[in-house]
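In: Turn this into a structure:
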Amino acid sequence: MTNIFVMDEQSGKIMRKATYSLDPKKALICYIEQTISKNFNTWEYPEDIAGIRESKKAANHFYYDDIKHNLIIAAYPE
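Out: Okay, here's the model as predicted:
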């Protein structure tokens, strides 16, 4: 299980947005495709998205900067 969190860089507010029964990187890709790209054709999701990075401190924790909406999206395993 993976939880998706979004942090608004303007307010600093952190919100849990979704939970997926996928590994963290795949869950993050799904969340990006569904919420930012509005792509619900799950069979065609890419294996990677430019800008996704893994934490240097915590293995299997992934981040993505949504610059357009001033958000940081994080995927953490439960």
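
In: The residue nearest in space to the middle of the chain sits in which helix or strand?
Out: Residue closest to the average C-alpha location in the chain (Cα atoms, centre = their mean): L28, at 3.2 Å. Using DSSP states H and E, the element containing L28 is helix 24-31.

In: next helix or strand past that helix?
Out: Using DSSP H and E, the helix or strand that follows helix 24-31 towards the C-terminus is strand 53-54.

In: Give me the contact list for that next one.
Out: Here strand 53-54 makes contact (Cβ atoms under 8 Å, 6 or more residues apart in numbering) with K25, N60, H61, F62, Y63, Y64. Quick note: C-beta positions are derived from backbone N, CA and C, even for glycine.

In: what about burial for those residues, which qualify?
Out: Among these, those classed as buried by 16 or more other Cβ atoms under 10 Å are K25, H61, F62, Y63, Y64.

In: Mind listing the strands the helix or strand encompassing K17 pairs with, and their directions?
Out: Per DSSP H and E: K17 is located in strand 14-20. Strands that pair with strand 14-20, judged by DSSP bridges, come out as strand 2-8 (antiparallel).

In: Show the pLDDT at K13.
Out: On the pLDDT scale, K13 is placed at 96.

In: one step back: in strands only, show me the contacts of strand 53-54.
Out: Among the contacts of strand 53-54, the members found in strands (DSSP state E) are F62, Y63, Y64.

In: list the contacts for the last one?
Out: Contact analysis of Y64 by Cβ under 8 Å, 6+ apart lists L28, I32, I49, G51, I52, R53, I72, I73, A74.
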